[in-house]
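Trainee: mind looking at a prediction? Sequence and model below.
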Amino acid sequence: MHLKSLIVLLLLSLPLSYVNADPPLEKDGTLVTLVTWGDVDNTPAKDVYVEAHGYVAGLKAEKSFVLKMMGAGRYETSLPPGIYDVFISEGSSAPRCKRVQIRPKFQTYWTVKLEIDDVYINKN
């Protein structure tokens, strides 16, 4: 009898956080942005800033994610499912933007060919 009381007491002392826990978030997807210079050889672009900005339902907030360069011209990150505005910036090229949808467990690709920015060329 003493053992049963001890077990009941131990079970009652366990935290009940699992009962009130949020449901697990959907699996993230991956955004892969392939960036080349505007040349005839489609040379992969290095040192380009790529950012995805959108509403993350699991966090109930807007959030920005900076993509990492995984290799010359290849920028990627893992993102929670949702719709994101993706921005690309590089000092001598015109900025680019595109809206993409990220789905759980899938890779979404955006291939971009940078173009020389007239403002940069014509600066005085």
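Mentor: That came in fine, so what should we check first? Numbering: from 1, shown residues only.
Trainee: which residues of this protein fall in strands?
Mentor: Listed in chain order, the strands of the chain (DSSP state E) span residues 29-36, 49-56, 61-66, 68-71, 74-79, 82-89, 96-102, 107-113.
Trainee: out of the ones you listed, the one nearest Thr43 is which?
Mentor: strand 29-36 (6.1 Å; CB to CB). For every residue, glycine as well, the C-beta is placed using N, CA and C.
Trainee: which secondary structure elements does the closest one contact?
Mentor: Contact partners of strand 29-36 among helices and strands, from 3 or more CB pairs under 8 Å, 6 or more residues apart in numbering; DSSP states H and E: strand 49-56, strand 74-79, strand 82-89, strand 96-102, strand 107-113.
Trainee: quick one, what contacts the residue sitting nearest the centre point of the chain?
Mentor: Nearest residue to the geometric centre of the chain (CA atoms, centre = their mean): Leu79, 3.5 Å. By CB atoms under 8 Å, 6 or more residues apart in numbering, the contact list for Leu79 reads 28-31, 52, 54, 65, 102.
Trainee: can we see that at 7 Å?
Mentor: 28-29, 31, 52, 65, 102 (CB atoms under 7 Å, 6 or more residues apart in numbering).
Trainee: pick out whichever of those residues sits closest to Ile88.
Mentor: Closest approach to Ile88 among those (CB to CB): Ala52, at 10.4 Å.
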